[in-house]
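K.L.:
Got a predicted structure plus its sequence, pasted below:
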There are 2 protein chains.
Amino acid sequence: MARKPPTKPRKNALQERSRATVDALIEATARILVREGFEKTSTNRIAEVAGVSVGSLYQYFPSKEALVAAVIDRHHEEIMGIVRATLCDVMDMPIEKAVRRLVTVAIDAHRINPKLHRVFAEQIPRAGKLDVEAFNREVHTLVRAYLDSHRKEMRKIDLDVATFICVSTIEAVAHNTVLNPAEMLPEKTVRTLVDETTRMVVGFLKPSA
Amino acid sequence: MARKPPTKPRKNALQERSRATVDALIEATARILVREGFEKTSTNRIAEVAGVSVGSLYQYFPSKEALVAAVIDRHHEEIMGIVRATLCDVMDMPIEKAVRRLVTVAIDAHRINPKLHRVFAEQIPRAGKLDVEAFNREVHTLVRAYLDSHRKEMRKIDLDVATFICVSTIEAVAHNTVLNPAEMLPEKTVRTLVDETTRMVVGFLKPSA
DNA sequence: AGGAAAAGCGAGTGAATGCTCGCATTATAG
DNA sequence: CTATAATGCGAGCATTCACTCGCTTTTCCT
């Protein structure tokens, strides 16, 4: 019974109990990132908060970075789910309606966990950054597809340029709205921002005359 | 001749030679940040590259963060100089012309030292972030002043909202243009981006009819 | 039940690094 | 020329932290 070296030396292996451990570790990492900042997020502390030992931590995550990356992935996946769904059911709407939805969703997405978002933006050194790039690329592709199928409502313009500008703009407004000021601004202001941003983007895409 | 306690225990004190030391330290920090990344930027390494000793380093900078902050400040001051000057001589121009200049300048500013900019954006944990906030606030104030004195060319809109959206948009396009792709994109594409971004912002500000 | 594999443990190790301190060198003043 | 301050030095201290290893406990399978 000793065919394979019986040790699965590292990595994932999930049988119910360990799944909970993995979750606890990711959750703990997110909590510490938000509450104590990236600097204080050490593997020992993560294990402590998660209620497991460092040893267990290293059974499932080969490095500290892997843990942080897992937190980022989880958050990105959550956001991408919303974005994909939205772009899906927006596909048949006219530009005006669709853009308004997208702007709203962008702000909502940034509001899922503003503090975590802030930590990502301000504190975490994105080393590989491949994740973020992939994320951006998918958004770009999806938006481009929408614009492509609504060309008739638009003026003549290079699709990639239009996509780039629209995505950049919407993302920036959402980002700055959520991160900049006193963290929580009145609902009315947010509505104004959505209105105005929508107007800007729609005006940009629609034929000028 | 021993009136004042003769020790200037720490901090700045500049008599020609030390000035050079300080410059060398800041310059070395910038170089290491760009060439080796934030992680490799240790005080010992900085001193080594600057050709001075750690001891000297700590005579002028109370901590590693202070050094990095100095690099950031230097870069921001450079950019703010350009922005201030531009907004100054743009003050009397009509919106169309002014916005085009601003978009161009924004991209140029991001291109002063793209690699350094990238390090700031991706690797450096902005702890206090007071510097960045002050930076943003000043830009906001300047742009707002311009818009205020050109109200007659604009539709009716809250000045702060308009400023917020314009600044966010222009900054985002510039940022993504310089950082995103293959680092160096063709001049023609950049011109297109300037044109289109200008069109968007101007269309947003001008009366609709 | 019983044995094997999976999961969990946590004190300890080794390396990296921010920073200090006592001394050496260079400039300035009288 | 000499005293005093300014500047510069760099070995080493103290700390932090990612990560390992030998062991125990739990779960699964027959």
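P.N.:
Perfect, thanks for sending it.

K.L.:
C-alpha from now on. contacts and neighbour counts both.
P.N.:
Fine.

K.L.:
domains of chain A?
P.N.:
A:9-62, A:71-205 (automatic domain parsing).

K.L.:
tell me which element the most centrally placed residue in chain A falls in.
P.N.:
Taking Cα atoms, centre = their mean, the centroid of chain A lies closest to A:H76, which sits 3.2 Å from it. Assigned by DSSP states H and E, A:H76 falls within helix A:64-89.

K.L.:
quick check: mean pLDDT across the following helix or strand past that helix?
P.N.:
The first helix or strand that comes after helix A:64-89 along the chain, using DSSP H and E, is helix A:95-111. In this model, helix A:95-111 has a mean pLDDT of 97.

K.L.:
Next one: the helix or strand following helix A:95-111, is it in contact with chain B?
P.N.:
With elements assigned by DSSP H and E, the helix or strand that comes after helix A:95-111 is helix A:114-122. Yes: Helix A:114-122 lies within reach of chain B by Cα under 8 Å from any Cα of the partner chain, at A:E122.

K.L.:
Only alpha carbons, please: show helix A:114-122 as PDB.
P.N.:
What follows is helix A:114-122 as a C-alpha-only set of coordinates in PDB (Å, rounded to 0.1, in the frame of the first residue of the first chain):
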ATOM      1  CA  PRO A 114     -15.200  49.700   0.200                       C
ATOM      2  CA  LYS A 115     -12.600  49.200   2.900                       C
ATOM      3  CA  LEU A 116     -11.200  46.100   1.200                       C
ATOM      4  CA  HIS A 117     -11.200  47.900  -2.100                       C
ATOM      5  CA  ARG A 118      -9.300  50.700  -0.500                       C
ATOM      6  CA  VAL A 119      -6.700  48.300   0.800                       C
ATOM      7  CA  PHE A 120      -6.300  46.800  -2.600                       C
ATOM      8  CA  ALA A 121      -5.900  50.200  -4.200                       C
ATOM      9  CA  GLU A 122      -3.600  51.800  -1.700                       C
END
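
K.L.:
and the angle from it to helix A:95-111?
P.N.:
Using axes from the mean of the first three to the mean of the last three Cα atoms, to 10 degrees, the inter-axis angle of helix A:114-122 relative to helix A:95-111 is 90 degrees.

K.L.:
Report the rounded mean pLDDT for helix A:114-122.
P.N.:
The model assigns helix A:114-122 a mean pLDDT of 94.

K.L.:
Now the element after that helix, going C-ward?
P.N.:
Next element after helix A:114-122 (DSSP H and E): helix A:130-148.

K.L.:
Packing partners of that next one?
P.N.:
Contacts defined by 3 or more Cα pairs under 8 Å, 6 or more residues apart in numbering or on different chains; DSSP states H and E place helix A:130-148 against helix A:64-89, helix A:159-179.

K.L.:
rerun at 10 Å
P.N.:
Judged by 3 or more Cα pairs under 10 Å, 6 or more residues apart in numbering or on different chains; DSSP states H and E, the packing partners of helix A:130-148 are helix A:64-89, helix A:95-111, helix A:159-179.

K.L.:
so does the second one get close to chain B?
P.N.:
So that's helix A:95-111. No: Helix A:95-111 does not reach chain B (Cα under 10 Å from any Cα of the partner chain); its nearest approach is 12.7 Å.

K.L.:
Pull out the buried positions in that helix.
P.N.:
Neighbour counts over helix A:95-111 (16 or more other Cα atoms under 10 Å in any protein chain shown) mark A:95-96, A:98-111 as buried.

K.L.:
Same question for stretch A:167-181.
P.N.:
For stretch A:167-181, burial by neighbour count (16+ other Cα under 10 Å) applies to A:V167, A:S168, A:T169, A:I170, A:E171, A:A172, A:V173, A:A174, A:H175, A:T177, A:V178, A:L179.

K.L.:
Output that stretch as PDB, nothing but the C-alphas.
P.N.:
Output in PDB follows, covering the C-alpha atoms of stretch A:167-181 (Å, rounded to 0.1, in the frame of the first residue of the first chain):
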ATOM      1  CA  VAL A 167     -14.500  51.900 -19.200                       C
ATOM      2  CA  SER A 168     -11.800  54.200 -17.900                       C
ATOM      3  CA  THR A 169     -14.200  56.900 -17.200                       C
ATOM      4  CA  ILE A 170     -16.900  54.800 -15.500                       C
ATOM      5  CA  GLU A 171     -14.300  53.000 -13.400                       C
ATOM      6  CA  ALA A 172     -12.600  56.200 -12.400                       C
ATOM      7  CA  VAL A 173     -15.800  57.900 -11.300                       C
ATOM      8  CA  ALA A 174     -16.900  54.900  -9.400                       C
ATOM      9  CA  HIS A 175     -13.500  54.400  -7.800                       C
ATOM     10  CA  ASN A 176     -13.200  58.000  -6.700                       C
ATOM     11  CA  THR A 177     -16.700  58.300  -5.600                       C
ATOM     12  CA  VAL A 178     -16.400  55.400  -3.200                       C
ATOM     13  CA  LEU A 179     -12.800  56.000  -2.100                       C
ATOM     14  CA  ASN A 180     -12.200  59.700  -2.000                       C
ATOM     15  CA  PRO A 181     -14.200  61.600   0.600                       C
END
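
K.L.:
Wondering if that stretch reaches chain B at all.
P.N.:
Yes: if you take Cα under 10 Å from any Cα as the test, stretch A:167-181 does meet chain B, through A:167-177, A:180-181.
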